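S.K.: no sequence on this one, just coordinates:
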């Protein structure tokens with residue numbers, strides 16, 4: 001009880017005390033694990049029992065070869081489909097770029113025409129303003 005009364009109770013000292021206590025407990029835990037390892041104690045995964053059974057069926061070399069060929073053909077088909085999709089994506093991209101350029105060209109034509117129309121109207125307005133005494 002005397003030792004507890006001497007401990008400072010401000011939060012900083014309490015945090016340091018808890019940190020040192022945590023590291024001491026962790027260090028003791030690691031030393032105990034090291035001692036168990038030196039004694040040769042084995043660890044097992046408890047919730048998953050290990051059951052070793054002989055194989056019911058063996059796979060022959062020809063079956064493996066057949067499966068390999070089947071997987072190779074499936075892989076080639078998937079790669080061909082992927083190449084087709086990439087080609088279609090490139091064509092779609094090119095089509096979109098051309099459509100965007102055409103739209104931009106039309107917008108610039110409209111803006112140029114609007115600029116000319118505004119210049120004409122501004123000229124007419126200035127002419128009208130000069131006529132007013």
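M.R.: That came through fine. Source: prediction; values computed, not measured.
S.K.: going forward, measure contacts between C-alpha atoms and count neighbours the same way
M.R.: Will do.
S.K.: Which parts of this structure are helices?
M.R.: 2-6, 11-39, 61-131 (DSSP state H).
S.K.: Same list, those helices, but as CSV with mean pLDDT and distance to residue 54 please.
M.R.: Formatted as CSV, those follow (pLDDT from 0 to 100; distance: least, C-alpha to C-alpha, whole Å):
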stretch, mean pLDDT, distance to residue 54
helix 2-6, 64, 63
helix 11-39, 90, 32
helix 61-131, 92, 19
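S.K.: Tell me which of the ones you listed sits nearest to residue 51.
M.R.: In terms of C-alpha to C-alpha, the element of the helices of the chain nearest to residue 51 is helix 11-39, at 25.0 Å.
S.K.: is it possible to export the helices of the chain to CSV including mean neighbour count?
M.R.: Shown next, in CSV, are those (neighbours: other C-alpha atoms under 10 Å):
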stretch, mean neighbour count
helix 2-6, 7
helix 11-39, 12
helix 61-131, 12
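S.K.: and the gap between residue 73 and residue 87?
M.R.: 21 Å (C-alpha to C-alpha, to the nearest Å).
S.K.: picking that back up, let me have the helices of the chain in JSON lines, extended by distance to residue 55.
M.R.: Shown next, in JSON lines, are those (distance: least, C-alpha to C-alpha, whole Å):
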{"stretch": "helix 2-6", "distance to residue 55": "65"}
{"stretch": "helix 11-39", "distance to residue 55": "34"}
{"stretch": "helix 61-131", "distance to residue 55": "16"}
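S.K.: State the number of residues packed around residue 42.
M.R.: 7 (other C-alpha atoms under 10 Å).
S.K.: Quick check: pLDDT value at it.
M.R.: In the predicted model, residue 42 carries a pLDDT score of 74.
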